[in-house]
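Undergrad: one predicted model, sequence on top.
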Amino acid sequence: MLGPPGAGKGTQAELFARRHHIPRVSTGDILREAVERDTPLGRAARATMAAGALVSDDVMIGIVRERLAQPDAQAGFVLDGFPRTTGQAAALDVLLARRGPLVVVDIVVPEDVLVERLRARRICSRCGANAGPDERALAACARCGGHLVQRSDDSEAVVRERLKTYARATRPLVEFYRDRPTFRSVDGDQPPEAVAAAIEAAVTSVAAGCRA
Ligand code: AMP
């Protein structure tokens with residue numbers, strides 16, 4: 001699932017993964033957990049993430065290779081936040097060479113909407129879930145009752161850096177994938193259920209094309 005920070009990749013990846021009983025693989029979540037647990041990976045990634053920059057391709061490709069080899073990912077998976085560079089995308093093609101088609105869905109959202117969404121975003125400090133508007137009003141997580149907090153890299157200065165990083169390193173991925181028959185673009189500036197329906201339709205149409 002492609003798209004800039006704040007496009008709704010995490011929310012949509014979670015919805016799709018649940019509906020299809022496949023794991024959501026979020027490289028951001030894997031890194032945040034490593035930072036939280038203060039592992040060697042977390043210690044190496046902490047400053048890069050805090051600056052809104054990208055962790056090196058070698059590290060990220062290693063993480064994803066290992067994750068996709070797990071038994072629960074053999075029937076399929078949703079990637080959220082990977083690939084983020086054309087180097088990662090090329091490595092992913094190699095990783096998936098014998099594993100069926102890679103469907104690429106690009107979620108498109110205007111920049112002013114992204115900035116506002118990231119400013120308002122709150123996550124649960126206990127389970128990490130993204131809070132919807134109702135939960136934000138109550139200041140508590142609907143899943144576990146945990147406190148809602150702003151993600152440390154959602155501060156205005158870091159958001160600006162992340163959007164710049166996206167434009168420089170990740171947007172070229174759309175060109176990398178655009179001409180493939182498995183690429184689809186969806187309008188992410190609509191309610192989450194409508195985006196989910198558009199993604200479902202996009203993936204169904206790719207699957208139909210692959211069977212034909
Ligand atoms: P996310 O939760 O996807 O927005 O990721 C949070 C941060 O983790 C990013 O701003 C990067 O610093 C880092 N990160 C996550 N995924 C990747 C990736 N595929 N390549 C490089 N850095 C990543």
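TA: Perfect, I can see it now. Numbering: from 1, shown residues only.

Undergrad: quick one: the nearest residue to residue 148 once chain neighbours are set aside from residue 164, how far?
TA: Across the structure, with C-beta to C-beta, 6 or more residues apart in numbering as the measure, the residue nearest residue 148 apart from its sequence neighbours is residue 122 (4.0 Å). Heads up, the C-betas are built off the backbone N, CA and C, glycines and all. With the distance defined as C-beta to C-beta, to the nearest Å, residue 122 ends up 23 Å from residue 164.

Undergrad: so which of those two has more stuff around it?
TA: More neighbours surround residue 122 than the other of residue 122 and residue 164, with 20 against 12 (other C-beta atoms under 10 Å).

Undergrad: on that earlier part again, is it correct that the residue nearest to residue 148 is in contact with residue 147?
TA: No. Under the criterion of C-beta atoms under 8 Å, residue 122 is not in contact with residue 147, lying 9.3 Å apart.

Undergrad: lowest-confidence helix or strand of the chain?
TA: Among the helices and strands of the chain, helix 133-138 carries the lowest confidence by mean pLDDT, DSSP states H and E, at a mean of 80.

Undergrad: what's the helix or strand for the residue in the chain that the ligand sits nearest to?
TA: Scanning the chain for the residue nearest the ligand gives residue 28, at 2.0 Å (criterion: C-beta to the nearest ligand atom). Element membership for residue 28 (DSSP states H and E) is helix 27-37.

Undergrad: same thing with residue 200?
TA: With the criterion set as DSSP H and E, the secondary-structure element containing residue 200 is helix 192-211.

Undergrad: next one: residue 106
TA: In this structure, residue 106 is located in strand 104-108 according to DSSP H and E.

Undergrad: quick one: residues contacting residue 122.
TA: For residue 122, the contacting residues are 130-131, 135-136, 148-150, by C-beta atoms under 8 Å, 6 or more residues apart in numbering.

Undergrad: and if we set it to 7 Å?
TA: Contacts of residue 122 were listed using C-beta atoms under 7 Å, 6 or more residues apart in numbering, and they are 131, 136, 148-150.

Undergrad: tell me the centre residue of this protein?
TA: residue 80 (2.7 Å; C-alpha atoms, centre = their mean).

Undergrad: just the element for the residue lying closest to that one once chain neighbours are set aside, please.
TA: Taking C-beta to C-beta, 6+ apart as the measure, residue 80 lies nearest to residue 13, with 3.8 Å between them; neighbours along the chain are not counted. Applying DSSP H and E as the criterion places residue 13 in helix 9-20.
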